[in-house]
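Chemist: Just a sequence and a predicted model for now, questions to come.
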Amino acid sequence: MIEFQNVSFSYESGTPVLQNLCFSIGAGEAVGLIGANGAGKSTIMKILLGLLPCEGGVTVGGLAVKKQNLGEVRKKLGFVLQNSDNQMFMPTVYEDMMFAPRNYGLSKEEAEARVDRVLSELGLTELKHRYNHKISGGEKRMAAIATILAMEPEAILMDEPSTALDPVNRRTVIRAINGLTMTKLIASHDLDMILDTCDRVILLSHGQVAADGPAGEILRDKALLEANRMELPFCLAGPSPRQ
Amino acid sequence: MNNISAASREFREMDELSAQDSPIHRLHPLVKLLVTLAYIVCVVSFPKYQLSGLAVMVLYPVLVFQLSGIPVRTCFHKLRIVLPLVCAVGLLNPFFDRAPLLYVGGLAVSGGVVSMVTLMLKGVFSLMASFLLIATTSIDALCAALRKLHVPALLVTLLLLTYRYISVMIGEVAVMTDAYRLRAPGQKGIHISVWGSFLGQLLLRSMDRAEELYQSMQLRGFRGEFYYADQPPCTAGAVAYGVVCAALFVLARLYDLPQLLGNLFV
Ligand SMILES: Nc1ncnc2c1ncn2[C@@H]1O[C@H](COP(=O)(O)OP(=O)(O)OP(=O)(O)O)[C@@H](O)[C@H]1O
Ligand SMILES: [Mg+2]
């Protein structure tokens, strides 16, 4: 479904962010993308969406990510931005959720049915007609995830989906993610969530894949994680030092 | 909440006004747009001394305020900054045009005063009509209407993004002034020494955010067309409303109705 072949990228400043990156993700896989701050997780997602030009080959569902394919590629991918404020641009949650389905040619009734279904799956029906500038940060995050689910993409990319969420909403998102059958690529520092949602983990370090394997193995490898500015997930770490 | 957050909130309240429901809100946006344009053209084209004829034009905003349920107070409150500017336009007229034009009681009123009032009314009426259009139509529906009129997609997208950019920018100013104040207690406003970097930062931050917003629109299928904007059906009633309004405007523009009525009775 997603393939990176020898991808290199640097912002204008010149220091390379990604160097000869290679990995591929099959259809229906759930992959966690982890790495220290600034490792290049968000950059990878933007490259996939064709928002940043790069060297090397990137394909999504067999289509090369190039200018002439962008429309098709973007239709396949749903992207939950790291900052939900920039994701939600319509006045209300409902209008935001209708945006993509209507743009992709669904009728108002079809789109509305989809919106209602996604909202009830996420337990957000009461947010439907709220104004985006009058909901809390966490509610906005949930709404942003809902807008993307309403697109029904073939693959979903999530950049830090669990930040700003209370434990119950975090659980709801985890449950929602696990209920999705599409391909999933989730970048997060919340390793517990990665453990709960992903079968496979790609660990990035200095623009390269430092490790790639089953989530259960990589997230248990204390030495590997600590070498990359991370810690074991809480659920595997044992009692806290103050107890 | 600081003044700027209040400004940002006030700006977004326009979205809330336009989301209300009323016969005017339900009208087809294209009809509203054309009626507003016709109204403004008629108002602006009144000769400078034809105060009585122009005064009749107040009926349209009054009617729309009534039908749409938008409070008149809200309108003047939101326009409080531009209204004085518009009114200031004709202020010098009385000094140049001193020939008496009419007599009220025993008092001579010069042409300059009449033309000043006419000019002010033109400004106020046009502003009210534009305000009513925006307060009863969402920006997306308005853009869709412009596209229907074959205004180039690029221009319409520009309009939409400018509208969104304004709220992003106000929002950024609010965040930055808050952050500044919290670390500069007891200071009034922002010290002049940091204005340069403050403005530079503001521009960069709001541009970054606006770009990400636009990308987020593109990623969800936006191509400069407004398929997603709700277009209520263009009913016969809406067309009739448009035609009647436009006809009345032209009538009011061509005939000085108060004078005609006056002549009937005198
Ligand atoms: N617009 C930009 N211009 C220049 N450099 C950038 C830009 N955006 C990011 N970078 C740099 O690129 C590198 C990778 O950034 P990226 O946002 O992909 O990291 P990340 O893995 O998502 O980090 P985080 O976990 O903090 O979200 C960082 O070193 C960052 O400083
Ligand atoms: Mg990131």
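Modeler: Everything's here; your move. Ligands and ions are numbered 1, 2, ... in the order given.

Chemist: Bridged to the closest residue to residue B:16 other than its chain neighbours, which residues?
Modeler: Nearest non-adjacent residue to residue B:16, counting by Cβ to Cβ, 6 or more residues apart in numbering or on different chains: residue A:131, 6.6 Å away. The C-beta positions use only the backbone N, C-alpha and C, and glycine is treated the same way. Assessed by DSSP bridges, residue A:131 has beta-bridge partners residue A:92.

Chemist: Tell me the residues of chain A that contact chain B?
Modeler: Applying Cβ under 8 Å from any Cβ of the partner chain, we find that chain A lies next to chain B at A:49, A:51, A:71, A:74-75, A:77, A:79, A:81, A:83, A:85-87, A:89-92, A:95, A:98-100, A:102-105, A:108, A:131, A:133, A:147, A:151.

Chemist: Could you give me the ChimeraX selection string for whichever of those residues are buried?
Modeler: Applying 16 or more other Cβ atoms under 10 Å in any protein chain shown to these, the buried members can be selected in ChimeraX as follows:
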select /A:49,51,74,75,77,79,81,85,86,87,89,90,91,92,95,98,99,100,102,103,131,133,147,151
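
Chemist: and stretch A:163-172, how far apart are its ends?
Modeler: 13 Å (Cα to Cα, to the nearest Å).

Chemist: Would you mind checking the average pLDDT for that stretch?
Modeler: Model confidence over stretch A:163-172, given as mean pLDDT, is 87.

Chemist: What are the buried residues along that stretch?
Modeler: So, applying 16+ other Cβ under 10 Å, buried residues of stretch A:163-172: A:163, A:164, A:165, A:169, A:170, A:172.

Chemist: Sketch out the low-pLDDT regions of the stretch 1-150 of chain B for me.
Modeler: Along the stretch 1-150 of chain B, the model assigns pLDDT under 70 to residues B:1-2.

Chemist: what about the helices in it?
Modeler: Using DSSP state H, counting those that start in this stretch, the helices of the stretch 1-150 of chain B run over residues B:3-18, B:23-26, B:29-44, B:51-55, B:59-68, B:72-78, B:82-88, B:93-96, B:111-136, B:139-148.

Chemist: again, but for chain A
Modeler: Assigned by DSSP state H, the helices in chain A fall at A:41-48, A:70-76, A:93-103, A:108-121, A:137-149, A:167-179, A:191-197, A:215-218, A:222-227, A:234-237.

Chemist: What helices and strands are in contact with the first one?
Modeler: Using 3 or more Cβ pairs under 8 Å, 6 or more residues apart in numbering or on different chains; DSSP states H and E as the contact criterion, the secondary-structure elements in contact with helix A:41-48 are strand A:2-10, strand A:16-25, strand A:30-34, strand A:55-60, strand A:155-159, strand A:183-187.

Chemist: List the neighbours of the fifth one that are in contact with it.
Modeler: Counting by Cβ atoms under 8 Å, 6 or more residues apart in numbering or on different chains, the neighbours of strand A:155-159 from elsewhere in the structure are A:1-2, A:41-42, A:45, A:48-49, A:60-61, A:76-82, A:145, A:148-149, A:177, A:180, A:182-188.

Chemist: Can you name the residues of chain A that neighbour ligand 1?
Modeler: A:11, A:13, A:17, A:35, A:37, A:38, A:39, A:40, A:41, A:42, A:43, A:82 (Cβ under 6 Å from any ligand atom).

Chemist: so the fourth one touches residue A:41, yeah?
Modeler: I take that to be residue A:35. Yes - assessed by Cβ atoms under 8 Å, residue A:35 is found in contact with residue A:41 at 5.7 Å.

Chemist: Quick one: mean pLDDT for stretch A:72-92?
Modeler: pLDDT averaged over stretch A:72-92 gives 89.

Chemist: same check, this time on stretch B:208-222
Modeler: Stretch B:208-222 comes out at a mean pLDDT of 89.

Chemist: For ChimeraX, write a command that selects the buried ones of the residues of chain A next to ligand 1.
Modeler: Applied in ChimeraX, the following selects the buried portion of these according to 16+ other Cβ under 10 Å:
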select /A:17,35,39,40,41,42,43,82
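
Chemist: Overlap of the contact sets of residue A:35 and residue A:41?
Modeler: By Cβ under 8 Å, 6+ apart, the residues touching both residue A:35 and residue A:41 are residue A:204.

Chemist: okay, and the helix or strand of chain A with the least pLDDT?
Modeler: Least confident helix or strand of chain A, by mean pLDDT, DSSP states H and E, is helix A:234-237 with a mean of 83.

Chemist: Specify the local secondary structure of the closest residue to ligand 1 within the stretch 101-250 of chain B.
Modeler: In the stretch 101-250 of chain B, the residue that lies nearest ligand 1 is residue B:208 (7.6 Å; Cβ to the nearest ligand atom). Assigned by DSSP: H, G, I helix; E, B strand; the rest coil, the conformation of residue B:208 is helix.

Chemist: show me what contacts it?
Modeler: Shown in contact with residue B:208 (Cβ under 8 Å, 6+ apart): no residues.

Chemist: can I assume residue B:9 is in contact with residue A:133?
Modeler: Yes - the criterion here is Cβ under 8 Å, and residue B:9 meets it with residue A:133 at 7.4 Å.

Chemist: Let me know the closest of the buried residues of stretch A:163-172 to ligand 1.
Modeler: Out of the buried residues of stretch A:163-172, the member with the shortest distance to ligand 1 (by Cβ to the nearest ligand atom) is residue A:163, at 9.7 Å.

Chemist: hang on, residue B:220 packs against residue A:101?
Modeler: No - here residue B:220 lies out of contact with residue A:101, judged by Cβ under 8 Å, at a distance of 9.0 Å.

Chemist: okay, and the common contacts of these two?
Modeler: Between them, residue B:220 and residue A:101 share the contacting residues residue A:151, judged by Cβ under 8 Å, 6+ apart.

Chemist: related to what we said a few turns ago, which one of the helices of chain A lies nearest to residue B:112?
Modeler: Of all these, it is helix A:93-103 that lies closest to residue B:112, at 49.7 Å by Cβ to Cβ.

Chemist: Can you name every helix or strand that the closest one contacts?
Modeler: helix A:108-121, helix A:137-149.

Chemist: ok, now with 10 Å
Modeler: helix A:70-76, helix A:108-121, helix A:137-149, helix B:195-219 (3 or more Cβ pairs under 10 Å, 6 or more residues apart in numbering or on different chains; DSSP states H and E).

Chemist: Just list the residues touching residue A:166, thanks.
Modeler: A:136, A:138, A:139, A:142, A:172 (Cβ atoms under 10 Å, 6 or more residues apart in numbering or on different chains).
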